[in-house]
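1. Sequence below, structure please.
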Amino acid sequence: MYAISLGDDGAELRPLEPWHAEEFLAHLDRGRAFITRYIPFGSQVTDLDTARETLRRYAGMRAADTAHHHGIWQDGKLVGGVLALEFDAAAGTCEVGCWLEPAATGRGLVTRAMRHLVDWAVDERGIHRVEWVAASGNEASIAVARRLGMHRDGVRREAHLHQGVRHDLEVWSLLAPEWRAARARTAHHDH
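-> The predicted structure follows:
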């Protein structure tokens, strides 16, 4: 229906819809071991029915305005995504996150997609605080938070039990005025 270009390398941000179930399952199958190292995302998606059900659940959250999920396509192939969850426009808060299959890493896809998602959350939806939560060992995820200009608020020690291991969770955030100021500085340097 619509796509947002993420640059001139064939990368696009698009809505992730229930009719993408086959593509979503194939994507998760390609990247499952990598994607689930720190997060359980997609681990319950094991066949077409569970893929379809997961995407329907996302669509329901989008309709309820409590979460927003978007896929990242590279040259027409779904390779990852970004999401806003715990989305509360009335309170002006949300958490954002991402996932990516290994073949698509190292190109800045998540950072570029996340800039669009944060712009939308801040500018169109009035979100004041955008939060990023990542396992301390998930260096790639923390690097994106840094590239987005987020501040490290602290660590929730051993807060996340995943695959039998208790992980520390780092909490990063940015506030709407900081985001706007950084964007203005970037725009000023581009001219």
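2. Tell me the gap between the helix or strand of the chain with the lowest mean pLDDT and the middle of its chain.
-> Least confident element among the helices and strands of the chain, by mean pLDDT, DSSP states H and E: helix 176-190 (a mean of 82). Distance of helix 176-190 from the chain centroid (C-alpha atoms, centre = their mean, to the nearest Å) equals 21 Å.
3. tell me what it is packed against?
-> On a contact count with 3 or more C-beta pairs under 8 Å, 6 or more residues apart in numbering; DSSP states H and E, helix 176-190 meets strand 129-135. C-beta coordinates here come from the backbone N, C-alpha and C atoms, glycine included.
4. What strands flank the strand it packs on, and is each parallel or antiparallel?
-> Strand 129-135 pairs in its sheet with strand 93-100 (parallel), strand 165-175 (antiparallel), by DSSP bridges.
5. got these as JSON lines, with mean pLDDT columns?
-> Output for the strands paired with strand 129-135, formatted as JSON lines (pLDDT from 0 to 100):
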{"stretch": "strand 93-100", "mean pLDDT": "94"}
{"stretch": "strand 165-175", "mean pLDDT": "93"}
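6. Let me know which of those is the nearest to residue 5.
-> strand 93-100 (18.0 Å; C-beta to C-beta).
7. that older thread, go through the strands paired with strand 129-135 and pick out the most buried.
-> Mean neighbours per residue, mean count of other C-beta atoms under 10 Å, is largest over these for strand 93-100, with a mean of 22.
8. quick one on the thing from earlier: among the strands paired with strand 129-135, which is nearest residue 38?
-> That would be strand 165-175 among the strands paired with strand 129-135, by C-beta to C-beta, at 6.8 Å.
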